[in-house]
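J.: Sharing a model that was predicted from the sequence below.
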Amino acid sequence: MDGELSSWWDSDDEYEKFIQKMNPPRVVIDNESCSDATVVHVDSANKYGILLEVVQVLTDLNLIITKAYISSDGGWFMDVFNVTNQDGEKIRDETALNEIVDYIRKSLGADSCFVPSRRRSVGVEPSSDYTSIELTGTDRPGLLSEVSAVLTGLRCNVVNAEVWTHNTRAAAVMQVTDEETGSAITDPERLSKIKELLCNVLRGNNKGRVAKTTVSTGATHTERRLHQMMFDDRDYQRSDEDAESGSQRPKVTVVNWFDKDYSVVTVRCKDRPKLLFDTVCTLTDMQYVVFHGNVVAERPEAYQEYYIRHIDGSPVNSEAERQRVIQCLEAAIERRVSEGLKLELCTGDRVGLLSDVTRIFRENGLNVTRAEVSTRGGKAVNTFYVRGAAGSTVDSKALDSIRQEIGQTVLQVKGHADNTKPHRQESPTRFLFGGLFKSRSLYNLGLARSYT
């Protein structure tokens, strides 16, 4: 069976498309069997990366996955997802349900532009609307402000961006346009200058870790790409100090079920949106295949269980590999965690807006830990998560000064500065429910044995 699967995934694109056309995906919506969620059944010919593809589609549709049952042991993929809207309610609108079915079918079909993650990068689609800039480097206070200032000086307008920081590393995907034309920047010399100057900013005084800048006239799946960038940057590697604070991290275990040659991965942590997408991204990036899985995500806690093998057909076969799987999954869960106070900005878009706002943050001692920047109908709609110096709480006086300078109605505060705790004292990813959560898994039934 393993040989057949390996042959399947190694086949060329044309043959794979032929198989998909002969076996089109089947998507069935069930709104009757579950009282509090809409049930989505997905059946399709199996291929490498298909679980990530389906989860990515559901996530992009802004659906919350509360439960999932995964089975892809063989040439066929069969999954069941319990989903709700952002308000935690079933999807009852018939038009919306039909759109979900059509979107999933098109995404899984032979004409899909989805690129299997085994190739270690997300497919790039040409775009004349904007230029895409990818950045990775060492995080430091004011970094986003410096990057934004350089782009403004180069007559670039940031129309969309997402910035993540984790474990002293920073990654960003930014979509920019030319100030004069409002479209993508295509001049090779100018692109080279942008790349050079941004690299200098990212490098700073840190010579120990490499800074990377990539500029292209193409579009990728931003969140998918950020996971790959941080994984490639090895943000999962922790300092000795961080390694000692294990009680604050998600609980991830990896054991081997020797009778079936599976490795059983379990994840227990505080639930949050897009958690399943984040963990499946990392397993795929590490070239593991999920053959079976069980996911329960009913806030405040979440439980995930995966039966995996490496793409070569082998389970986790060393202690070093086991530790690496644990570290990488912990990092995947933590990257998107929103440390700090949430600030929302909504105002008319203009060139240099991001530079001005982040400069004000920096001058008042605020450090951006995560950011989402978008432009909608000429309006800038931005979300920032900020902390004080060295991870401290945000000072109320500094916050008042920032809002007065930017505009009281333009910048809204979600929560209160006094309610944000230092990172060391309270982590949003802390495992809150200990051993009280009982899963009905093969491992807990005694059928899987510890790796050690």
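T.: Here it is on my side, so go on. Numbers count the residues shown, from 1 in each chain.

J.: Now do the strands in the stretch 201-350 of the chain.
T.: Taking DSSP state E, counting those that start in this stretch to define them, one finds strands in the stretch 201-350 of the chain at 212-216, 218-219, 251-257, 262-270, 288-298, 301-310, 341-348.

J.: got a markdown table for those strands, with distance to M174 and mean neighbour count too?
T.: Any C-beta I mention is one placed from the backbone N, CA and C, and that applies to glycine too. Shown next, in a markdown table, are the strands of the stretch 201-350 of the chain (distance: least, C-beta to C-beta, whole Å; neighbours: other C-beta atoms under 10 Å):
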| stretch | distance to M174 | mean neighbour count |
| --- | --- | --- |
| strand 212-216 | 10 | 18 |
| strand 218-219 | 12 | 18 |
| strand 251-257 | 31 | 19 |
| strand 262-270 | 29 | 23 |
| strand 288-298 | 30 | 20 |
| strand 301-310 | 30 | 21 |
| strand 341-348 | 16 | 17 |
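
J.: Quick one: closest of these to E32.
T.: Comparing the strands of the stretch 201-350 of the chain against E32 with C-beta to C-beta, the closest turns out to be strand 288-298 (20.1 Å).

J.: Output the contacting helices and strands for the closest one.
T.: Contact partners of strand 288-298 among helices and strands, from 3 or more C-beta pairs under 8 Å, 6 or more residues apart in numbering; DSSP states H and E: strand 64-71, helix 275-285, strand 301-310.

J.: How about residues contacting it?
T.: Residues from elsewhere that reach strand 288-298, judged by C-beta atoms under 8 Å, 6 or more residues apart in numbering: 5, 48, 51, 64-73, 262, 271, 275-276, 280, 283, 302-311, 325, 439-441.

J.: Parallel or antiparallel, list what pairs with it.
T.: Paired neighbours of strand 288-298 in the sheet (DSSP bridges): strand 64-71 (antiparallel), strand 301-310 (antiparallel).

J.: in the sheet, who's paired with the closest residue to S127 other than its chain neighbours?
T.: Nearest residue to S127 in three dimensions, chain neighbours excluded: A219, at 4.5 Å (C-beta to C-beta, 6 or more residues apart in numbering). Bridge pairing for A219 (DSSP bridges) gives the partners E125.

J.: separation between A219 and Y130?
T.: 8 Å (C-beta to C-beta, to the nearest Å).

J.: Any chance you could list residues touching both of these two?
T.: Q175.

J.: Go ahead and confirm the residue nearest to S127 touches I133.
T.: No: using C-beta atoms under 8 Å, A219 makes no contact with I133, being 11.9 Å away.

J.: Now list whatever residues contact both of the two.
T.: Contact criterion C-beta under 8 Å, 6+ apart; residues shared by A219 and I133: Q175.

J.: wait, what's in contact with D60?
T.: With contacts defined as C-beta under 8 Å, 6+ apart, D60 is in contact with no residue.

J.: Could you check the pLDDT of it?
T.: pLDDT for D60: 93.

J.: same check, this time on E14
T.: Looking at E14, its pLDDT reads 56.

J.: can you start the count at 59 instead of 1 from here on
T.: Yes, from this point I'll number from 59; that puts the last item at E72.

J.: what are the bridge partners for the closest residue to V325 other than its chain neighbours, then?
T.: Leaving aside its chain neighbours, V325 sits nearest to Q362 (4.1 Å; criterion: C-beta to C-beta, 6+ apart). Going by DSSP bridges, Q362 is paired in beta bridges with V325, V353.

J.: Contacts only, for Q362.
T.: Counting by C-beta under 8 Å, 6+ apart, Q362 touches 323-326, 333-334, 337, 351-355.

J.: 7 Å instead?
T.: Contact partners of Q362, counting by C-beta atoms under 7 Å, 6 or more residues apart in numbering, are 324-325, 334, 337, 353.

J.: And the residue nearest to H285 when sequence neighbours are not counted, how close does it get to R420?
T.: In space, and not counting its chain neighbours, H285 is closest to C339: 4.3 Å by C-beta to C-beta, 6+ apart. Relative to R420, C339 is positioned 31 Å away (criterion: C-beta to C-beta).

J.: the more surrounded of these two?
T.: Counted by other C-beta atoms under 10 Å, C339 and R420 do not tie: C339 has more neighbours, with 25 against 18.

J.: got the contact list for that one?
T.: C339 neighbours (C-beta under 7 Å, 6+ apart): 110, 282, 285, 390.

J.: how's this protein carved up into domains?
T.: 60-172, 183-278+397-477, 298-395 (automatic domain parsing).

J.: To D291, which of the ones you listed lies closest?
T.: The minimum distance between D291 and those falls on domain 183-278+397-477, with 4.8 Å, by C-beta to C-beta.

J.: what about K437, how many neighbours?
T.: Using other C-beta under 10 Å, K437 has 12 other residues around it.

J.: who's it bridged to?
T.: Applying DSSP bridges to K437 gives these bridge partners: G406, R434.

J.: correct me, but it touches L403?
T.: No: counting by C-beta atoms under 7 Å, K437 sits too far from L403 to count as a contact (10.1 Å).

J.: Around D329, how many other residues sit close by?
T.: By other C-beta under 10 Å, the residues close to D329 number 17.

J.: Who are the contact partners of it?
T.: D329 neighbours (C-beta under 7 Å, 6+ apart): 355, 357-360.

J.: Quick check: chain neighbours aside, which residue is closest to it?
T.: D329 sits nearest to A360 (C-beta to C-beta, 6+ apart), 3.8 Å away.

J.: Tell me the confidence at that neighbour?
T.: 96.

J.: show me what contacts it?
T.: 327, 329, 333, 354 are the contacts of A360 under C-beta under 7 Å, 6+ apart.

J.: and the gap between it and L457?
T.: Distance, A360 to L457, by C-beta to C-beta: 32 Å.

J.: same deal with E397?
T.: In this structure, E397 and L457 are 16 Å apart, going by C-beta to C-beta.

J.: ranges for the helices of the stretch 109-258 of the chain?
T.: 152-166, 201-211, 246-261 (DSSP state H, counting those that start in this stretch).

J.: With respect to R428, which of the ones you listed lies nearest?
T.: Nearest to R428 among the helices of the stretch 109-258 of the chain is helix 201-211; the distance by C-beta to C-beta comes to 10.0 Å.

J.: Give me the average confidence score over that closest one.
T.: Mean per-residue pLDDT for helix 201-211: 96.

J.: what's in contact with that helix?
T.: Helix 201-211 is contacted from outside by 193, 216, 221, 228, 234, 255-256, 259, 409-410, 412-413, 416-417, 419-420, 426, 429, using C-beta under 7 Å, 6+ apart.

J.: just stretch 430-445 next, same as before
T.: The set of residues external to stretch 430-445 that reach it, using C-beta under 7 Å, 6+ apart, is 216-220, 396-407, 411-412, 419, 424-429, 452.

J.: Now do the closest residue to R417 other than its chain neighbours against E379, distance only.
T.: Excluding the flanking residues, the one nearest R417 by C-beta to C-beta, 6+ apart is S203, at 5.0 Å. The gap separating S203 from E379 is 40 Å, by C-beta to C-beta.
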